[in-house]
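>>> Build me a model from this:
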Amino acid sequence: MKNLIKNTLILSFFLSITSCNKTEGIGGRASIKGKIIVNNINALGQVIDSYDAQRQDVFIIYGNDNDTYNDDFKTSYDGSFEFKFLNKGNYKVFTFSECSSCPKGQDSLILIPVIIEETKDSIDLGEIIIVNNV
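Now for the predicted structure:
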């Protein structure tokens, strides 16, 4: 009887470990990073100056079936952000930019789809430009 219980526990443990299928989200070793740059634009659409976006909200959505964000990050003093400890899968990273042609009070969405294919991937989105109408 002891052996039967012991073997059942071992089999249950083995099945629980092998049946785990990691989905998008935290718990892995991959990361997505980037940097937000602000372009000040005048009424003529000309860039007056550019600077690193400090404390800009950046959001991430885990998977393709989710429409609400799962995590957010405020950029650092140099405009950089990084979402760490991600599993393989599909993600969407987004932020908002001012928009002169949008209805009053609305911002423009900047959405970047990302696929993490390897366990230790470090995806660099590079510089993401947002605008500030002055």
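>>> For this protein, give me the ranges with low pLDDT.
The chain contains residues with pLDDT under 70 at 1-21.
>>> so what strands line up beside the longest strand seen in the chain?
Using DSSP state E, we find that the single longest strand of the chain is strand 26-41. With DSSP bridges as the test, strand 26-41 is paired with strand 47-52 (antiparallel), strand 80-86 (antiparallel), strand 122-133 (parallel).
>>> so what's the residue nearest to residue 130 when sequence neighbours are not counted bridging to?
Spatial nearest neighbour of residue 130, chain neighbours left out: residue 97 (3.6 Å); criterion: CB to CB, 6 or more residues apart in numbering. Heads up, the C-betas are built off the backbone N, CA and C, glycines and all. With DSSP bridges as the criterion, residue 97 is bridged to residue 108.
>>> now do residue 83
Assessed by DSSP bridges, residue 83 has beta-bridge partners residue 32.
>>> Check residue 115 too.
Bridge pairing for residue 115 (DSSP bridges) gives the partners residue 90.
>>> any idea how far it is from residue 76?
Going from residue 115 to residue 76 by CB to CB, to the nearest Å gives 25 Å.
>>> out of these two, which sits in the busier spot?
residue 76 (16 against 10; other CB atoms under 10 Å).
>>> can you pull the contacts of the spatially closest residue to residue 80 that is not a sequence neighbour?
Of all residues not flanking residue 80 in the chain, residue 35 sits nearest, at 4.9 Å (CB to CB, 6+ apart). Residue 35 is in contact with 52, 75, 78, 79, 80, 81, 126, 127, 128, counting by CB atoms under 8 Å, 6 or more residues apart in numbering.
>>> please redo it, this time with the cut-off set to 7 Å
79, 80, 127, 128 (CB atoms under 7 Å, 6 or more residues apart in numbering).
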